[in-house]
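**Q** compute the structure for the input listed below.
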Amino acid sequence: MWARELSQAGELVTLVIGNAYGVAALDDPRLSFVPQAPGRSKWMKTIGWSSPDLAAVRSASDRFPATPPDRVVVFRLGISPALEGLPASWLDRVEVDLDDWESDRCFSLAGLALRSGSLFRAAQFAAGGLFYRNRERWALSRFPVMHVSAESDAAAMQAKFDPQRVRVTPNRISGPPCPLPDRPANGTPSILFVGTLGYLPNRDAVEWLMKSIQPRLARVLPGLAVTIAGDAPERTAARLIASDLDWRGYVADLRDLYEEATIAIAPLRGGSGTKIKVLEAWRYRRAVVATSHAVRGLCVVPGRHVLVADTTGEMVDACRRLIEDHSLRERIAAEGHKLFLSHYMI
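**A** Predicted structure coming up:
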């Protein structure tokens, strides 16, 4: 999203912190890759904080145009240490895309880890939350412009700082809309969840599906298929294979899965940022049942764009209503697709 906007505004130079994944071979003076500093702790990796090699940052910035850029956009607070390697004349034009509060993300992940029984991982994330809270105070006092995706976060920041410095910048996904027709009434009803299961919030969501939601759905909707798409660690994969869920593993092109699905589900209880799985379901014109956390920061009206459910009983009831009520399902799917087109598509 940022690359498209900035490229349209003028010449874009990009500094990537971390692995190049095969792109480094590109001979483009406007594109530089900087490795992480050696010795980054496992804890830093766990909480998503980057420590770039500052000498490499300085070397890369020396190859950029001599004239200071009009805008410097830092994508995520976790890579802000790279600013220490940039020319001082650049620092009065820095914008940071906070997405949402990273400290909240860490505290949220601590709660999920605690629920899963991992006290050590919960302590790691809780310490990460305190670390990010200090860095957020630093960022709010330093950066001229801050971008957040949620209106609620923006309102909290604008109450403490110059409102002109805070901008609401929704996350969007690229690609054309792919509205699919509703599943025929005589087809097997199917619910779809998409997410990489190496990520704790997605894994927690699938555990909830396996243990509580799917068994109750099976009683009220006999024959219902619950499909899971996404890579999974070995232990999680073994549990999915032994369960009543239809696990498909990694799927490169999700169109066929959305075509099979009657509705999509997003039972996330933690994590941060815009839940792309919700935007993706809207892109394919599928009605969504989601927790209030999963739609946090999105301009949704519950009951219009999605059905919001935060307990097992609410999840089961919302899924049943959408599957049994064709007109309700069509209306929710159409309104979600319309919101995607107007707010969340590049």
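
**Q** Pro35 against Pro52, yeah?
**A** Yes: with contact defined as Cβ atoms under 8 Å, Pro35 reaches Pro52; the gap is 7.4 Å. Backbone N, C-alpha and C define where each C-beta goes, glycine included.

**Q** okay, and Arg133 sits in which element?
**A** helix 119-142 (DSSP states H and E).

**Q** who are the packing partners of that helix?
**A** Packing contacts for helix 119-142, counted by 3 or more Cβ pairs under 8 Å, 6 or more residues apart in numbering; DSSP states H and E, involve helix 42-47, strand 94-99, helix 102-115.

**Q** could I get those as a markdown table with distance to Ser342 and mean neighbour count?
**A** Below are the helices and strands packed on helix 119-142 laid out as a markdown table (distance: least, Cβ to Cβ, whole Å; neighbours: other Cβ atoms under 10 Å):
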| stretch | distance to Ser342 | mean neighbour count |
| --- | --- | --- |
| helix 42-47 | 35 | 14 |
| strand 94-99 | 21 | 21 |
| helix 102-115 | 27 | 21 |
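
**Q** about what we covered before: can you list contacts of the helix holding Arg133?
**A** Applying Cβ atoms under 8 Å, 6 or more residues apart in numbering, the external contacts of helix 119-142 come out as 43, 46-49, 77, 80, 94, 96, 98, 101-107, 109-111, 113-114, 146, 157, 160-161.

**Q** which SS state does the residue of the chain positioned farthest from its centre fall under?
**A** No residue in the chain sits farther from the centre than Ala66, which is 35.3 Å out by Cα atoms, centre = their mean. When classified by DSSP: H, G, I helix; E, B strand; the rest coil, Ala66 comes out as coil.

**Q** any regions of the stretch 151-300 of the chain where pLDDT drops low?
**A** 184-186 (pLDDT under 70).

**Q** quick one: the strands in the stretch 151-300 of the chain?
**A** Secondary structure of the stretch 151-300 of the chain by DSSP state E, counting those that start in this stretch: the strands cover 166-168, 190-194, 225-229, 246-247, 263-266, 288-290.

**Q** including distance to Leu119 and mean neighbour count, could those go into a markdown table?
**A** As requested, the strands of the stretch 151-300 of the chain are exported to a markdown table (distance: least, Cβ to Cβ, whole Å; neighbours: other Cβ under 10 Å):
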| stretch | distance to Leu119 | mean neighbour count |
| --- | --- | --- |
| strand 166-168 | 37 | 17 |
| strand 190-194 | 27 | 23 |
| strand 225-229 | 27 | 21 |
| strand 246-247 | 28 | 17 |
| strand 263-266 | 27 | 27 |
| strand 288-290 | 29 | 28 |
